[in-house]
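[1] Fold the following and give me the result.
(one chain, ligands or ions: 2)
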Amino acid sequence: MAEPIRVVVTGAAGQIAYSLLYMIARGEVFGSDQPLILHLLDIPPMVGVLEGVVMELADCALPLLRQVIPTTDPSVGFKDVSAAFLVGAMPRKEGMERKDLLSANVKIFKAQGQAIENFAKKDIKVLVVGNPANTNAFVCANYAPSIPRENFSAMTRLDQNRATSQIATKLGVPISAVKNIIIWGNHSSTQYPDAGQGKVVINGETKSVADAVNDNAYLQGAFVETVQKRGAAVISARKMSSAMSAAKAACDHMHDWWNGTAPGTFVSMGVCSDGSYNSPKDVIFSFPVVIENKQWKIVQGLNLSDAAKAKLNITAKELQEEKDEALSVLDLSSNL
Ligand SMILES: NC(=O)c1ccc[n+]([C@@H]2O[C@H](COP(=O)([O-])OP(=O)(O)OC[C@H]3O[C@@H](n4cnc5c(N)ncnc54)[C@H](O)[C@@H]3O)[C@@H](O)[C@H]2O)c1
Ligand SMILES: O=C(O)C[C@H](O)C(=O)O
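    Ligands and ions are numbered 1, 2, ... in the order given. Here you go, the predicted structure:
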């Protein structure tokens with residue numbers, strides 16, 4: 001069997017981590033033959049809860065789990081880790097937008113970027129879940145200059161899963177029959193969920209989602225809005241933000257990064273923009289990507305309608321504004 005790898009989950013005493021830790025420790029992300037040492041990072045007031053999580057992980061009797069290291073010290077939390085799930089951050093409440101969390105949460109990602117720079121493995125893969133996820137990932141990457149920028153990503157997989165599920169339900173097919181639904185831009189209500197490149201298998205035949213749905217008003221209207229507002233709908237119903245589905249999406253994201261995407265399939269990830277599709281460079285923008293050998297590549301050459309391009313501009317503008325606000329909260333000039 002392989003040597004164990006070290007994986008950190010921040011916010012380890014929180015609600016997303018409660019589902020996520022079990023999925024990771026079962027082998028659903030790094031494989032059923034990859035032993036793990038889990039680092040559980042949270043803040044001092046949560047030490048008691050963290051102890052309970054450690055007890056429960058032990059009581060799960062999971063064969064791949066070689067050691068669990070609970071800590072409130074980032075130098076321990078990030079020491080020699082190969083993969084990081086940065087979940088720990090304040091969640092929004094009803095009536096808030098995710099960017100309202102920016103001033104509280106951005107400082108967490110500065111400190112964690114610095115800890116990654118100083119203590120993690122140089123080929124670490126970092127997934128930022130804590131909101132506002134794209135801008136937090138931007139901040140984190142900038143405080144870890146010795147780690148390649150492409151090793152930092154933000155989670156829009158939950159949006160992709162939500163969008164795929166909406167289309168599968170609309171067509172009355174299983175989720176596995178639908179692929180290549182894209183999330184463009186920010187993990188926020190300006191994101192553009194795009195079914196325009198989607199494919200679906202119906203009765204053994206592969207069709208475009210657009211042809212199968214045959215309802216452009218739905219694809220440009222109710223579908224987009226439902227996905228954009230799904231996080232708020234969950235908060236309104238649960239009085240807490242999504243957790244089980246967020247944990248599943250985090251596993252999907254890291255699983256595909258680690259293991260690659262299937263031929264002909266792409267997934268959405270928030271990654272450092274190179275200006276593709278007229279997006280602003282150097283913000284963390286969600287694109288369709290394919291992954292091989294743990295390296296993602298933005299899918300190029302997709303045809304976008306003028307309406308789609310206009311939607312990309314809206315979410316790009318928001319990301320640029322968030323970046324500027326983050327820089328001002330951190331009291332930095334624009335040389336980042
Ligand atoms: N990107 C997405 O799709 C997505 C989906 C769901 C939730 N989220 C975001 O994920 C974050 C966590 O959500 P949750 O429901 O688990 O929240 P939660 O409040 O249940 O848990 C957050 C945990 O983070 C800890 N924490 C705070 N500061 C920390 C720090 N500096 N270091 C380590 N841990 C720290 C808290 O003590 C707490 O235990 C929120 O920002 C939420 O908005 C993102
Ligand atoms: O909506 C939120 O604030 C939580 C999360 O980002 C989500 O999309 O469910």
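[2] Count the neighbours of K248 for me.
    When counting by other CB atoms under 10 Å, one arrives at 18 neighbours for K248. The way it works is simple: take the backbone N, C-alpha and C, and place the C-beta from them, glycine included.
[3] Over to C140?
    Other residues near C140 number 29, with proximity taken as other CB under 10 Å.
[4] which strands and helices sit next to the helix or strand harbouring it?
    Taking DSSP states H and E as the definition, C140 sits inside helix 133-142. Packed against helix 133-142 by the contact rule (3 or more CB pairs under 8 Å, 6 or more residues apart in numbering; DSSP states H and E) you find helix 102-119, strand 125-128, strand 152-154, strand 267-272, strand 284-292, helix 306-329.
[5] what's the most buried one of the ones you listed?
    The highest average neighbour count among those, using mean count of other CB atoms under 10 Å, belongs to strand 152-154 at a mean of 29.
[6] So which residues make contact with that one?
    Contact with strand 152-154 is made by 125-128, 133-134, 136-137, 140-141, 144, 187, 253, 257, 269-272, 284, 286, 296, as judged by CB atoms under 8 Å, 6 or more residues apart in numbering.
[7] Pull the helix holding C140 out as PDB, backbone CA atoms only.
    Taking Å, rounded to 0.1, in the frame of the first residue of the first chain, the C-alpha atoms of helix 133-142 are listed here in PDB:
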ATOM      1  CA  ALA A 133     -14.700  31.500  -2.000                       C
ATOM      2  CA  ASN A 134     -13.200  33.000  -5.200                       C
ATOM      3  CA  THR A 135     -11.800  36.100  -3.600                       C
ATOM      4  CA  ASN A 136     -10.600  34.100  -0.500                       C
ATOM      5  CA  ALA A 137      -8.700  31.800  -2.900                       C
ATOM      6  CA  PHE A 138      -7.200  34.900  -4.600                       C
ATOM      7  CA  VAL A 139      -6.000  36.200  -1.300                       C
ATOM      8  CA  CYS A 140      -4.700  32.800  -0.100                       C
ATOM      9  CA  ALA A 141      -2.600  32.300  -3.300                       C
ATOM     10  CA  ASN A 142      -1.100  35.700  -3.000                       C
END
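[8] Mind checking the pLDDT average for that helix?
    Throughout helix 133-142, pLDDT has a mean value of 97.
[9] Then stretch 221-241?
    Stretch 221-241 comes out at a mean pLDDT of 97.
[10] ok, the closest residue to ligand 1 within the stretch 1-150 of the chain - how many residues close by?
    Evaluated by CB to the nearest ligand atom, the stretch 1-150 of the chain has G14 as its residue closest to ligand 1, separated by 2.0 Å. Around G14 sit 21 other residues, with neighbours defined as other CB under 10 Å.
[11] Would you confirm that it contacts I43?
    No. In this structure, G14 is not within contact of I43 by CB atoms under 8 Å, at 10.2 Å.
[12] where do the contact lists of these two overlap?
    Residues touching both G14 and I43 (CB under 8 Å, 6+ apart): G88.
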